[in-house]
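J.: Pasted the sequence and its predicted model underneath.
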Amino acid sequence: MAAPGAVTRGQDQYSGRRVAALGAVAFLTLVPVTLPVSILRAFVADRFDVSELLASLFMSINMVGAVITAPLAGVLSDRIGHRRELLVAGLATDAVLLYALTLPFSFPTFMTLRFFEGCAHIFALSLLLSLASASQTAERRGRVMGMVGGGITLGVAVGAMLGGFLGDADPLRPIRFGAAIAGGGAVVAWWLLPDVDRAGEDRPRIGTIVAVLRANPLLLAPLAFAFVDRFTVGFYTTTFSLYLSGVHGLSPMRIGILIFVFMLPFALFSYPFGRLSERGSPVRMVCLGSLAYGAGTVLVPWWPVDSIFVLMVAVGVASAVMFVPSMILTTQAAPEQIRGTALGAFNAFGSLGFIVGPATGGFVSQHIAETAGWEAGYRAAFGVAGASEALCVVLALPFLIRLTRLGRTR
């Protein structure tokens, strides 16, 4: 076992440009995720002649696979190492499955492929987060997680905007582009990311991993934020798009630009807030950021659409305040030997939130719209999303206070 605070050979290799390379791979991994957002109606609902609820489920079904796969990725990371090789395999598989979504299959087959695409994507993302966490000492982990968090959110932002531009004429074009991007990410990861040296690290058995997880129930606090944050993001990637196109008649390109405006400050501020979390209080940042983000989310369907970009910028900044600190809290709450498993659980809880989010947004908006109209339906849906952030803070705060008192975080 490496001495506390020691820097392994792998961590030394991840100085400077290698950390930037982690951010670049994160960007390439996440660009394909939001390419379908602004073309969701044309790519799913119109193409297969299905309901708005089934179109919303397209953005959830891949996360069902993610919930199953993310913990497996984390366990493999802790148990056998070879993080870079597993990351490359996940990205290459994701590229193949993304391309398959553009082929002329039936709707059930299409959704099955989407399920497995989610498995491959979250497998790669979990391995990337594990690689990033292992690449730096605890004192410098905020900056590397901030770099990866910035790459993740910038990829989401660019994907949403590119989906709108590329999908105006052909809704299949953004998905083919996403397949190429995922394949490129696999090449970049293999070329630029050396694997972290496992020689000085324990490789716990599966039984040990399970026992350590059971002995650390406070880990559930940051995992709850992972769930709720992705739950609300599900509203932005699905319900928001359907709201803007259905109520206000916005084009896919304008919808993509608005999602980009939301995600850009999220991406730009992730690294600075990651650095800040090294010296400040991650607990305070997560709680205050969640409350501000929730309040902004409630306002979305009430805000004048002509100036909604202003609200999107504010909500994006609030997202950045809480996102990287929630990942930092996960690494702080988990013992060293199960950190990869904990980050896999972070992705699993987030994926579960993303399953429930779009489905909830579609159900609430459609149910209320049947009696009060679509505008009321979307207001109710975003009200549910925003309130969930405040509720999470109230429920998780006692557990976060205990983590602080135990000296695991600030």
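T.: Yes, it's here.

J.: Show the average pLDDT along stretch 246-255.
T.: Mean pLDDT, stretch 246-255: 87.

J.: in that stretch, what counts as buried?
T.: Gly246, Leu250, Pro252, Met253, Arg254, Ile255 (16 or more other CB atoms under 10 Å). All C-beta atoms are positioned from the backbone trio N, CA, C, and that covers glycine.

J.: Return the subset of these lying in helices.
T.: Among the buried residues of stretch 246-255, the members found in helices (DSSP state H) are Gly246, Pro252, Met253, Arg254, Ile255.

J.: Check whether the fourth one really touches His248, as I assumed.
T.: Okay, so that is Arg254. No. Using CB atoms under 8 Å, Arg254 makes no contact with His248, being 9.1 Å away.

J.: Which strands or helices does the helix or strand containing Ala186 pack on?
T.: Per DSSP states H and E, Ala186 falls inside helix 173-192. On a contact count with 3 or more CB pairs under 8 Å, 6 or more residues apart in numbering; DSSP states H and E, helix 173-192 meets helix 17-34, helix 83-100, helix 107-134, helix 141-167.

J.: can you list contacts of that helix?
T.: 18, 21, 24-25, 28-29, 31-32, 35-36, 39, 43, 84, 87-88, 91-92, 94-96, 98-99, 101-102, 121, 124, 128, 159, 162-163, 166-167 (CB atoms under 8 Å, 6 or more residues apart in numbering).

J.: ok, Arg84 - contacts?
T.: Leu131, Ala189, Trp190, Leu193, Pro194, Asp195.

J.: wait, Pro252
T.: Pro252 touches Ser38, Ile39, Ala42, Gly163, Gly164, Gly167, Asp168, Ser245, counting by CB under 8 Å, 6+ apart.

J.: So the closest residue to the third one other than its chain neighbours: helix, strand or coil?
T.: This means Ala42. Closest residue to Ala42 apart from its sequence neighbours, by CB to CB, 6 or more residues apart in numbering: Pro171 at 4.1 Å. Under the three-state scheme (DSSP: H, G, I helix; E, B strand; the rest coil), Pro171 adopts coil.

J.: of all the buried residues of stretch 246-255, which two lie farthest apart?
T.: Using CB to CB, those span at most 16.4 Å, a distance reached by Gly246 and Met253.

J.: okay, and for this protein, where does confidence drop off?
T.: For the chain, the stretches flagged by pLDDT under 70 are 1-16, 81, 136-139, 195-206, 208-210.

J.: could you point out the longest helix in it?
T.: Max-length helix for the chain by DSSP H is helix 339-372.

J.: What residues sit buried inside the helix or strand following that helix?
T.: Sequence order places helix 374-405 as the next helix or strand after helix 339-372, per DSSP H and E. Applying a neighbour-count criterion of 16+ other CB under 10 Å, one finds 374-375, 377-386, 388-390, 392-393, 396, 399-400, 403 buried in helix 374-405.

J.: Understood, closing this out.
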